[in-house]
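Undergrad: Got a predicted structure here, sequence first:
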Amino acid sequence: MKNKISELFDQYGLGKLLAEPSPLSGGLMHRMYKVQAETGTYAVKCLNPQIMKRPGVFENYARAEKLEDILEEEGLPIVPALTFELDSPKASESQKASDARAPVLTSKKMLECEGDYFYIFRWQEGNMAAYDAITEEECRIAGELLGRIHIIDAQNIEARPPVLSQIDFDTFLHSAEEKSSCIAPLLRQNLELLKDCQEKLNQARTKLPAMNSISNDDMDPKNIIWHKGQPHIIDLECLDYTNPISSSLNQALQWSGTVSRNFKKEKLAAFYRGYLAAYDNGFRSYDQLFGIAYSWLEWLEYNIRRGLGQEVSRPEEIRLGEEEVKNTIERIKYLNKQEEEISSVLEGLPAPYSKNYKTHDDSLCYIDLFFEGELSDIPSFPLPEGYRFVTYKSGDKAAWIDIELSAEEILSRQHGEECWQRYYGKREDELAGRMFFIESKDGQKVATATAFYNIHTKDKSEGQLHWVAVKKEEQGKGLSKPLITFTLEVMKKLGYRSTKIPTQTNTWLACKIYHDLGFRPTEKSLKENSFGWKMVQELTGITFG
């Protein structure tokens, strides 16, 4: 290994080595070395050869490198891999000699030498906190750091089928018994628990709201170095886009002591105090997603394969896999035992502060909601002076898109076109007398709502209030209640006795208006969208259900 590191240091201008590279302990996946050279002291990571054989691995590392650059630009206290220019003749030859599956190394961070891949870092002084010695303040800071990462590019996304865990523990047990592996009794004794935890994990993933953000899901206590009280985040090659809700829950549990089987509720509360101060999407049903904690099952699966020699061949790697199987099963058992106490802390997290959010706020976790109610007694609210109602006429699609775009109900004009086609493209002849606009005194259309029906069924008897929106610059001028009640009165005149009103958590203040008008959540929505109703309840102070 010394020869390879020496060659890299020479090739990329870091000078001659002054001493033998010193192996560093603690790496479960890769090998780390402390290297002293003419130009300074460095940490060198040699990436696990077995990991580097996996499909898509180079693309994953390249993506992580780009995200690492973003974190550095955002001022996060990270220890990034060094970047090197690859325009020297030696560098070009090295690339040509590398694994044919690897793309040309344009990232300038990952380096190759004789089939091994490396990252080089400036040496960071300091220490990692021992799991049992982590303070509440360190937990708070770690939570804040994760929140600062998540807020960079957090977004609601289209719902996708969840990636479910499908570990076949019975087959693993059979293989372990055939090999007379020490893993066999561990699996046998805990087989039903592992299957039960896998079911809980999959149930939680199925319920998880669809969000995405830049995340460092490997930011556990061993990957923050503390120097003079300041944190420095290391090992960033796991950076990716993941769900911030599941990411924060997993990290919070690790920082609060579950890894060392010494959970402290004060540390869990401190982590979320820091996290929610830096990034708060309004979600508060973490206790209902406790099954996410059993993501450890996938680390267990990897180590079962490692311990059975399916992933590695070196005896020391196999022994490490066997040891990690034992450790990980103990963590899972401990989590299962602590579920009630952990959930009580998560259930008691402070409510989101409503003044931090706009009336329409896409930073809030998006969850669909449905109200319903009778149309027998709709109150009337007059429009402010200078405004009037007008009905749809041919050519108003552009005005509708303008309003919905300004109100952030749609993402772009193209998205607006797609929504128009989906809802009204083949129904434009029905819109006169159903779709209404509010016009300002200068004739500009500034708000819209539609007295329509459920387009997803052939039965038009179910009335629905569609696409209520007010242009951003016109919000707060008293237009919403007149717009909603006028359109509901039109629905009543069209013969509808009741209506359903689709809405969502990121228009949380509209939910208060609907509630004040006498509408209530549908029974189905209360059951299927309980996470969203809790969000709106905590933002508005209204009890739903």
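TA: Nice, I can see it. Numbering: from 1, shown residues only.
Undergrad: Could you pull up the residues touching the residue nearest to Gln475 when sequence neighbours are not counted?
TA: Leaving aside its chain neighbours, Gln475 sits nearest to Thr359 (6.0 Å; criterion: Cβ to Cβ, 6 or more residues apart in numbering). All C-beta atoms are positioned from the backbone trio N, CA, C, and that covers glycine. By Cβ atoms under 8 Å, 6 or more residues apart in numbering, Thr359 lies in contact with 475-476, 507-510.
Undergrad: How about Ala399?
TA: 437, 445, 448.
Undergrad: who wins for most neighbours among these?
TA: Ranked by the number of neighbours (other Cβ atoms under 10 Å), the contacts of Ala399 place Thr448 first, at 26 neighbours.
Undergrad: In terms of pLDDT, where does Ser107 sit?
TA: Looking at Ser107, its pLDDT reads 49.
Undergrad: thinking again about what came up before, for Ser295, state which of the contacts of Ala399 is nearest.
TA: Thr448 (43.8 Å; Cβ to Cβ).
Undergrad: how about that closest one, secondary structure?
TA: Recorded secondary structure, Thr448: strand (DSSP: H, G, I helix; E, B strand; the rest coil).
Undergrad: Beta-bridge partners for it, please?
TA: Phe437, Ala469 (DSSP bridges).
Undergrad: Wait, it touches Trp467, no?
TA: Yes - taking contacts as Cβ atoms under 8 Å, Thr448 lies within contact range of Trp467: 6.6 Å.
Undergrad: Name the residues contacting each of those two.
TA: Shared contacts of Thr448 and Trp467, counting by Cβ under 8 Å, 6+ apart, come down to 400, 404.
Undergrad: Just list the residues touching Arg160, thanks.
TA: Ala210.
Undergrad: isn't there a strand covering it?
TA: No - Arg160 is assigned coil when assessed by three-state DSSP, not a strand.
Undergrad: if I look at it, how far off is Arg205?
TA: According to Cβ to Cβ, to the nearest Å, Arg160 stands 11 Å off from Arg205.
Undergrad: Repeat that for Gly425.
TA: As judged by Cβ to Cβ, Gly425 and Arg205 stand 35 Å apart.
Undergrad: same deal with Leu71?
TA: Here Leu71 is placed at a distance of 26 Å from Arg205 (Cβ to Cβ).
Undergrad: Could you point out which residue ranges in this protein have low pLDDT?
TA: Applying pLDDT under 70 to the chain picks out residues 26-28, 86-107.
Undergrad: tell me which element Pro23 falls in.
TA: Per DSSP states H and E: Pro23 is located in strand 22-24.
Undergrad: In the protein, which residue is most central in space?
TA: Closest to where the C-alpha atoms of the chain average out (Cα atoms, centre = their mean) is Asn243, at 1.7 Å.
Undergrad: hang on, that residue packs against Ile214?
TA: No - at 11.6 Å, Asn243 and Ile214 do not qualify as touching, with contact defined as Cβ under 8 Å.
Undergrad: Can you check which residues contact both of these two?
TA: Between them, Asn243 and Ile214 share no contacting residue, judged by Cβ under 8 Å, 6+ apart.
Undergrad: one step back: leaving out chain neighbours, which residue sits closest to the residue nearest to the centre of the chain?
TA: Using Cβ to Cβ, 6+ apart, the closest residue to Asn243 is Met211 (5.4 Å).
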